[in-house]
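Asker: need the 3D shape of this:
(chains A and B)
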Amino acid sequence: MSRVRSLGLLLALAAPLAAQAPSRVKVESFTLPNGLKVHVVEDHSSQVVAVDLWYDVGSRNERAGRTGFAHLFEHMMFQGSAHVQKAEHGQLVERAGGQLNGSTQPDRTNYYEVLPSNRLNLALWLEADRMRSLAVTEENLRNQQEAVKEERRLRFDNQPYFGAIIDSLPTMFDAGTCFAYAHSIIGSMDDLNAAKVADVKAFFDLYYTPNNATLVVVGDVQPAQVRQLVTQYFGGIPRGATPPAVACAAQAATGREAVKRITDANANLPAVVTTYRVVPPAHADYPALELLSTIIGSGESSRLNRTLVREAKVAVAAQTLFNPFGPMRGAGVFGALVIGNQGVTADSLRGQLAAQLRVAAEGITAAELTKAKNNWRASTIFGRQTALATAEAVHYATMFLGSPEAINSDAARYEAVTLADLRRVAATYLRPDNSLTIVIVPEAK
Amino acid sequence: MRPVLLAAARTAAGLVLAVPLAAQQVPTTPPAPMPLTPAQFPPFAETVLANGMRLIVVASQKQPVVSLTLAVPAGAFYDAAGKAGTAEMVAGLLTKGAGDRTAEQIAATIEGVGGSLSASAGADFLTVSAAVLGNDRPLAFSLVADAVLRPTFPASEIELLRTQTLSALALAKSQPEAIAQRAFARGLYGDHPYGRAADEASVKAITRDDLVAFHQARVRPNQALLVVAGAIDTLEARQLAEQAFGAWGGVAGAAPVTRPAPQRARSEILLVHRPGSVQSNIIVGNTTWMATDARGYALTIANQILGGASDSRLFQILREQKGWTYGAYSGVDRRRGLGAFSATAEVRTEVTDSALVELLAQVRRMGAEAPPADEFERQRQTLVGRFPLQVETADAVAAQVATARLLGLANDYVQTYRQRLAAVTAAQAQAAARQGMRADGALIVVVGDAAKVAERLRAIAPLTVVDVDGKPLATEDLGPRAIALDLDRARLAPVSDSFAVLVQGNTFGYQVGALERDGDGWVYRERSQLATIASQTTEVRMGADLAMRAVTQSGRLQGQEMRLSVAYAGGTASGEGVTPGPAGMAPVKYDGAAVPAGSVDDNAVLALLPYLRWAAGAKLQLSVFESGKGVAQVRTFEVVGEETVTVPMGTVETFRVQMSGADQPAVYWIEKAAAHRVIKFGPGTQPIEFARVR
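Answerer: Have a look, this model is predicted:
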């Protein structure tokens, strides 16, 4: 330890410690007449550009009977468009030395390309071509229905716990007043089978319009050139109707504790998930809730891992889940997942988890809060090293915090959290009558 | 498609005036690349400390993060004979107790500042890495220095890591890709250290003294490289490095003199028998050159054309045109010593020979004809064009510089790489392929069902068949065939036995079996239970001569139902049920599957083993019908030694018997005395065994 101190001393003499914050991000914004919102971050530290297009559509926009549709549609976006053959999108990007992907969350669907910066035009052209002229055919739809069903089987139905969690966790929200968040992203097999070409076309016309999209370009670019290319490629795409607002009434405490028991054929150890309804990212309590989640259940030295896994040895794994399916503008999920050891019953596990959540919420130390802030700061900064990660952060600030500028101001909200805040949010939200507990029991053998 | 007319009408109605003229001119083909100022490789600083450690600093103030990577030539290459796996275990233990911190304290310390710390060992190098926020850079230097200079190798952590390593090795034996890679490395490099790999025996043989000695001898500063990247200036990095590593002394000895890798004048096939395999994993390849060889640039492009990506020849032909495989690729493995070229494909069993012929033809073609200009240009551009993404972050830059230095490449390698790649001609790529991709001097490894593919592969190149442990198999070991069931029937009598299922010595379940008279014949009934994971009841009915009649089986595995019912009649068997396979439970159904004379149902093997004619050195064979799959196979039971074994029943003198020929090998301990009871058995590689209770 003495060596650490002497090194610290050396540093203190050599260079005053700089403030540990992400570098400030300068965002330039404009909107095309057809409603496409564009944010540009100029960064010449490397010859890379990230083109990241978010559509303001996700599983929250789905209606009953068509769950899983937003994600199914994401697959359709790689099936070709007027001037791009099926699978050609990927080939063009890879041959240009780039990478690409897409993903679906409750509130948004994203598509991105990362390329050498002189291929900015290729990425914009590809995104514009499919926004203008996606190839929606019966054959493509059938293909992708099968692909998504296989994905569901592989990733969820054939895995212990996952199937139970993705289908049951959303039921913490009331389907009557908030269907938006009361169903899974992957959707049900029946609903996936029910999708028709007409549904795909209608979905495209309603949501895949320039006025429902936000484009973020980060990297080695000149904003004027981005504006010129975006105008050239996207400018002629017609504005669409304004999609209907998503209804989700505030999901207040119900006055009773909900418990669901599920028998899981894939599991051979019991598991318990407890979730609480919390608030969206823009809410003042959100930073305290996120830090509380880190303290209770993130990492080897977290509360749950120390008490349940290492000391009591009742669990093989224990961690918190904070918005596990992605952030939401109309809701929030604070949860904990514990997988029991051999010989531990699901009910005893549930009791121990509840006890830990109670104790943890009351007895957080200043050192734990400091550690959680360090973790938040570090993961934010580590997550800002590439053009793509910065583009995603600009999108997050814009969609969930209301402005691209929030990318620079969000950190202050986390630094300001106090122990009193942690106690207050724990008392407000981590209440049994605001919770759903899912008890997963291995199928009797 | 979207209604084009409607779109046009909308545009005309509302927007045409608002949109600048440029918006009307959207190209209908992908736009050409825009100009790009040729980027220089990012700057970095390089110095050597007094103790010989080389320091490279890639300073970047982009974000306040700092990463450290320390590499020393202490990879698996330096493992002592019989102790393969030492380097990997040393690396695994460096962060599990070092300086005055325990494993838990190290984890808490690095997590407390939101950083990360890890260590690993590859073929040539052992590496320790840390990443932290800029303010915590002294801590990162301190933790890495502790790990490298002052590891404590606690006994409990050694045993934990040994158990994890053995489990991983056991798992690898069930994975065809891993079996193939291992067999390929062994065959390609022979007695050269790159041909060695950790196995159960070597991992068990490694002692704490070995680990300490390896660390002492190899983890020395004279050939070490420390790379620091991120928000730190060169001067400070040097001060911190001297502070943390200045006291590190000693000199690692020269690399051991190695045996040369085998040279092949013609191709040969090593076929690893995996009975019942529905796929064949193919690897074709040869050793190439030292990393410093100038032909490397041309070979890199040739490889990209052949199989570097999904629009390369192998993928396009074997997958897109022929539909034989999900993927087919090739790669060039660059090492500090002798490198290698390899091409791989996983194909359906039925097309194994066709796929291999095509694969070899494509490899041969690379050397026989220059690639067409457009294809050559496209693939060269793909490689050159990737450069910006490869140097996007300080970490990525640091990794490239480190690789160049560690492999001993030219000083300006990273700066001139793209120009040298761009200067390669199609003729040079062809020449490099002719020398570096030797279709007619290749080692060909195929992992698959030798009974189905051996004969057709023999027509392609000379063939050796081995089992998954590398032991040679004769042709008669492969296929199902009639083997007289030579049992000592005089000793047959109703009997019951009981085994405890032990996992690392702890009881996790039981298995009880009973052989009883059943009318004119016999019936063997067995029940087993493994914790809450699996349970099973089996009934095998046999005639007076022990010919198989019927099997009924039911149970659960990890919550899923399994069941099987089989009827034997007239040299065939018909079965139906749901049984576990590599991808979970799968229905099985077969009608009139051939059952060679003398076959025993695999569920009855345990009951009949006592009646085989055991003796020291005996090598006995049984024709076994695996009724859960509907396939026949020959299992070989070889007495490989004698051991005194203690089980719950007592201490017994036994023959140690190795079984091969099934999907997974197994070891049985058979009582030496005349009853020849099975005293213990298990997979032999995992910490699980069945030990006799009575």
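Asker: how about the secondary structure of B:F637?
Answerer: State at B:F637, reduced to three classes by DSSP: H, G, I helix; E, B strand; the rest coil: strand.
Asker: the one 3 residues further on now?
Answerer: Reduced to three states with three-state DSSP, the structure at B:V640 is strand.
Asker: so it versus chain A, what's the distance?
Answerer: Distance of B:V640 to chain A, computed by Cβ to the nearest Cβ, to the nearest Å: 35 Å. (Glycine included, C-beta is placed from N, CA and C.)
Asker: ok, how many other residues are close to the residue of the stretch 551-694 of chain B found nearest chain A?
Answerer: Residue nearest to chain A within the stretch 551-694 of chain B (Cβ to the nearest Cβ): B:G559, separated by 3.9 Å. B:G559 has 21 neighbouring residues, counting by other Cβ atoms under 10 Å in any protein chain shown.
Asker: from what I can see it touches A:A267, true?
Answerer: Yes: here B:G559 reaches A:A267: they are 6.5 Å apart, a contact under Cβ atoms under 8 Å.
Asker: the closest residue to B:F315 other than its chain neighbours pairs with what?
Answerer: In space, and not counting its chain neighbours, B:F315 is closest to B:A328: 5.4 Å by Cβ to Cβ, 6 or more residues apart in numbering or on different chains. In this structure, B:A328 bridges to B:A345 when assessed by DSSP bridges.
Asker: with B:L463 instead?
Answerer: Beta-bridge partners, per DSSP bridges, of B:L463: B:I269.
Asker: which ones are touching it?
Answerer: Counting by Cβ atoms under 8 Å, 6 or more residues apart in numbering or on different chains, B:L463 touches B:E268, B:I269, B:L271, B:A454, B:L457.
Asker: now B:A252: closest residue in space that isn't a chain neighbour?
Answerer: B:A252 sits nearest to B:R220 (Cβ to Cβ, 6+ apart), 3.9 Å away.
Asker: the one you found and B:F245 touch, don't they?
Answerer: No: the pair B:R220 / B:F245 is not scored as a contact, 11.2 Å apart, by Cβ under 8 Å.
Asker: point out where the stretch 501-650 of chain B drops to low pLDDT.
Answerer: The stretch 501-650 of chain B contains residues with pLDDT under 70 at B:504, B:581-583.
Asker: please repeat the previous calculation with a cut-off of 50.
Answerer: Within the stretch 501-650 of chain B, no range satisfies pLDDT under 50.
Asker: what does it have sitting close to chain A?
Answerer: B:A531, B:T532, B:I533, B:A534, B:S535, B:R556, B:Q558, B:G559, B:Q560, B:G584 (Cβ under 8 Å from any Cβ of the partner chain).
Asker: list buried residues within those.
Answerer: B:A531, B:T532, B:I533, B:A534, B:S535, B:R556, B:Q558, B:G559, B:Q560 (16 or more other Cβ atoms under 10 Å in any protein chain shown).
Asker: mind listing the shared neighbours of B:G559 and A:A267?
Answerer: Common contact partners of B:G559 and A:A267 (Cβ under 8 Å, 6+ apart): A:P442, A:E443.
Asker: ok, residue 365 - how many residues close by?
Answerer: No chain in the question, so chain A it is. A:T365, neighbours per other Cβ under 10 Å, totals 10.
Asker: wrong one, I was asking about chain B
Answerer: If you count neighbours by other Cβ under 10 Å, B:R365 ends up with 16.
Asker: and it, how far from B:V257?
Answerer: 38 Å (Cβ to Cβ, to the nearest Å).
Asker: what about the residues of the stretch 501-650 of chain B next to chain A, which are in helices?
Answerer: Within these, no residue falls in helices by DSSP state H.
Asker: let's have the residues you listed in CSV, adding distance to A:L369.
Answerer: Below are those laid out as CSV (distance: Cβ to Cβ, whole Å):
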residue, distance to A:L369
B:A531, 41
B:T532, 40
B:I533, 41
B:A534, 46
B:S535, 48
B:R556, 47
B:Q558, 41
B:G559, 41
B:Q560, 45
B:G584, 45
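Asker: looking at these, spot the one nearest B:A433.
Answerer: B:G584 (42.1 Å; Cβ to Cβ).
Asker: that closest one is in contact with B:Q560, isn't it?
Answerer: Yes: using Cβ under 8 Å, B:G584 is in contact with B:Q560, at 7.3 Å.
Asker: burial count for B:A197?
Answerer: B:A197 has 17 neighbours, counted by other Cβ under 10 Å.
Asker: surely it touches B:A185?
Answerer: Yes: taking contacts as Cβ under 8 Å, B:A197 lies within contact range of B:A185: 6.4 Å.
Asker: A:Q232 and B:Q25 touch, don't they?
Answerer: Yes: under the criterion of Cβ under 8 Å, A:Q232 makes contact with B:Q25 at 6.5 Å.
Asker: quick one: which of the two has more around it?
Answerer: Between A:Q232 and B:Q25, A:Q232 has the larger neighbour count (other Cβ under 10 Å), namely 23 against 10.
Asker: so how far is stretch A:188-207 from its chain's centroid?
Answerer: 23 Å (Cα atoms, centre = their mean, to the nearest Å).
Asker: hmm, I typed the wrong one, I wanted stretch B:157-165.
Answerer: Averaged C-alpha coordinates place stretch B:157-165 at 19 Å from its chain's average position (Cα atoms, centre = their mean).
Asker: show residues contacting that stretch.
Answerer: B:85, B:88-89, B:92-93, B:96-97, B:103, B:198, B:203-204, B:206, B:208, B:211, B:504, B:687.
Asker: stretch B:399-415 too?
Answerer: Residues contacting stretch B:399-415 (Cβ under 8 Å, 6+ apart): B:40-41, B:44, B:54, B:56, B:58, B:69, B:71, B:73, B:124-125, B:225, B:227, B:291-292, B:334-336, B:390-391, B:416.
Asker: how does it look with 6 Å?
Answerer: The contact list for stretch B:399-415 (Cβ atoms under 6 Å, 6 or more residues apart in numbering or on different chains) reads B:F41, B:F44, B:I56, B:A71, B:L225, B:V227, B:A291, B:T292, B:R336.
Asker: list the contacts of the last one.
Answerer: Under the criterion of Cβ under 6 Å, 6+ apart, the contact partners of B:R336 comprise B:D124, B:L407.
Asker: doesn't it belong to a strand?
Answerer: No: the assignment for B:R336, made by three-state DSSP, is coil rather than a strand.
Asker: and the strands in the stretch 151-300 of chain B, which stretches?
Answerer: In the stretch 151-300 of chain B, the strands defined using DSSP state E, counting those that start in this stretch lie at B:225-230, B:268-273, B:279-290.
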